[in-house]
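Student: This is a predicted model, with the sequence first.
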Amino acid sequence: MRKHNSVSKSPDAVIAALAERQHGVVSRAQLLHAGVTAKVIDGRLSRGQLRPLHRGVFQVGPIMAPRAREMAAHLACGASSVVSHRSAAVVWQLLEPDARQQPIEILVRARERRHPGIVVRRAGSLRNDEVTKLEGIPITTPARTIVDLAASVSARELEQALALSLARRLATRRQLERVFTRAKGRPGSARLRAFLHGAAALTRSEAEERLLGLIRKAELPEPATNARIGGFEVDFLWRSAGLVVEVDGYAFHADATAFENDRQRDLALTSAGLRVVRVTWKQLVQQPEVILVRLAQSLVQR
């Protein structure tokens, strides 16, 4: 392979430019290809300017960037490798990072040697439409990530990741179904099928539509939808009854800030003399009659 002409750049400039594009991580092969000699690389290693992370993969400088571990694992496992499973879910912000700093999970298309700190899995099938890049890191798409998670995380975590991927529009039902169909028979398929074909993946708009349908079917008074009151937009408002219904369209709040904002919102509406009722997607599917009884009672109480 022909080396790039780097006569006009110092070795440190070449290293810094490469590290800047790769979350502060470089590989020996990349540096050699860019014209940095083995002697220079070894000198930077001896002085601590390059810090080994994996065989032939180095951190540049003393501070590790937020995505350095994922990029380093990819570089260590070769060009065809992609970040996957829980590690991919954390990068996509579908699951919280583990405080214990678990090994990075990687999918490879070909046999790969073991690396400390990396869980390497051979991909039985990994199609081009199941791989993308996020922040420059090769990674499984959200849909493929969800399918891979099905066999390796708890039901609660799978439910959360699935719901958030839809709520944040990282994946569509069609994409999930397509990847799931390819993966039928794999461990975790039955659990994922139950979530996909049940209610676990209701988006917020779907949940609102379902609740409105229940209200109309039960012939309860028609609410105002997406009404503004007290500076807030609420999902459903029965103004004469002083009743607000908010729909949580996915299993868990996206983050702690969103949860706190909802609580402050409820407090402000309650202080304005309104009653606030929250309805979840799970209640909509599993307990629709209970919701209707609760709404009917709330409407007549005033």
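Tutor: Here it is on my side, so go on.
Student: so where do the strands sit in the protein?
Tutor: Chain-ordered strands for the chain, with DSSP state E as the definition, fall at 25-27, 50-54, 57-60, 82-83, 104-108, 118-122, 131-134, 137-140, 224-229, 232-238, 243-248, 275-280.
Student: which one of those strands is the most hemmed in?
Tutor: Here the criterion is mean neighbour count by mean count of other CB atoms under 10 Å, and of the strands of the chain the winner is strand 82-83, at a mean of 28. The C-beta positions use only the backbone N, C-alpha and C, and glycine is treated the same way.
Student: Tally up the residues packed near the closest residue to Trp92 other than its chain neighbours, please.
Tutor: In space, and not counting its chain neighbours, Trp92 is closest to Pro142: 5.4 Å by CB to CB, 6 or more residues apart in numbering. Neighbour count of Pro142, defined by other CB atoms under 10 Å: 27.
Student: hang on, Pro142 packs against Ala171?
Tutor: Yes: between Pro142 and Ala171 there is a contact under CB atoms under 8 Å: 4.2 Å.
Student: tell me the domain ranges of this protein?
Tutor: For the chain, the domain assignment from automatic domain parsing gives the residue ranges 11-60, 68-196, 204-301.
Student: Return the member of these having the minimum mean pLDDT.
Tutor: With a mean of 80, domain 204-301 has the lowest mean pLDDT of those.
Student: which residues touch the residue nearest to Trp92?
Tutor: Taking CB atoms under 8 Å, 6 or more residues apart in numbering as the definition of contact, the neighbours of Pro142 are Trp92, Leu94, Ser165, Leu170, Ala171, Gln175.
Student: Tell me which two in those are the farthest apart.
Tutor: Within these, two members stand farthest from each other by CB to CB: Leu94 and Gln175, at 14.2 Å.
Student: Not counting its neighbours along the chain, what's nearest the spatially most central residue of the chain?
Tutor: For the chain, the residue sitting closest to the mean C-alpha position, by CA atoms, centre = their mean, is Leu94 at 2.6 Å. Leaving out its chain neighbours, the residue that sits closest to Leu94 by CB to CB, 6+ apart is Ala161, at 3.9 Å.
Student: list residues touching both of Pro142 and Ala171?
Tutor: Listed as contacting both Pro142 and Ala171 by CB under 8 Å, 6+ apart are Ser165.
Student: still on that earlier bit, dump the contacts of Pro142 to CSV, plus distance to Cys77.
Tutor: Putting the contacts of Pro142 into CSV (distance: CB to CB, whole Å) gives the following:
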residue, distance to Cys77
Trp92, 19
Leu94, 22
Ser165, 25
Leu170, 24
Ala171, 25
Gln175, 25
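Student: now, which of the residues you listed lie within helices?
Tutor: Among these, the members found in helices (DSSP state H) are Ser165, Gln175.
Student: just curious, which of the contacts of Pro142 is nearest to Val279?
Tutor: Out of the contacts of Pro142, the one with the shortest distance to Val279 is Ser165. That distance is 21.7 Å, counting by CB to CB.
Student: Let me know whether the closest one touches Leu94 as I believe.
Tutor: Yes: Ser165 is within contact range of Leu94, at 5.8 Å (criterion: CB under 8 Å).
Student: so what's in contact with these two at the same time?
Tutor: Common neighbours of Ser165 and Leu94, using CB under 8 Å, 6+ apart, are Pro142, Thr145, Ile146.
Student: Walking through the stretch 151-300 of the chain, point out its helices one by one.
Tutor: Secondary structure of the stretch 151-300 of the chain, counting by DSSP state H, counting those that start in this stretch: helices at 155-167, 173-182, 189-196, 204-217, 256-271, 281-286, 288-301.
Student: ok, and for the second one, which residues are buried?
Tutor: Applying a neighbour-count criterion of 16 or more other CB atoms under 10 Å, the buried positions in helix 173-182 are Gln175, Leu176, Arg178, Val179, Phe180.
Student: Show me what that helix packs onto, helices and strands only.
Tutor: With contacts defined as 3 or more CB pairs under 8 Å, 6 or more residues apart in numbering; DSSP states H and E, the packing partners of helix 173-182 are helix 142-149, helix 155-167, helix 189-196.
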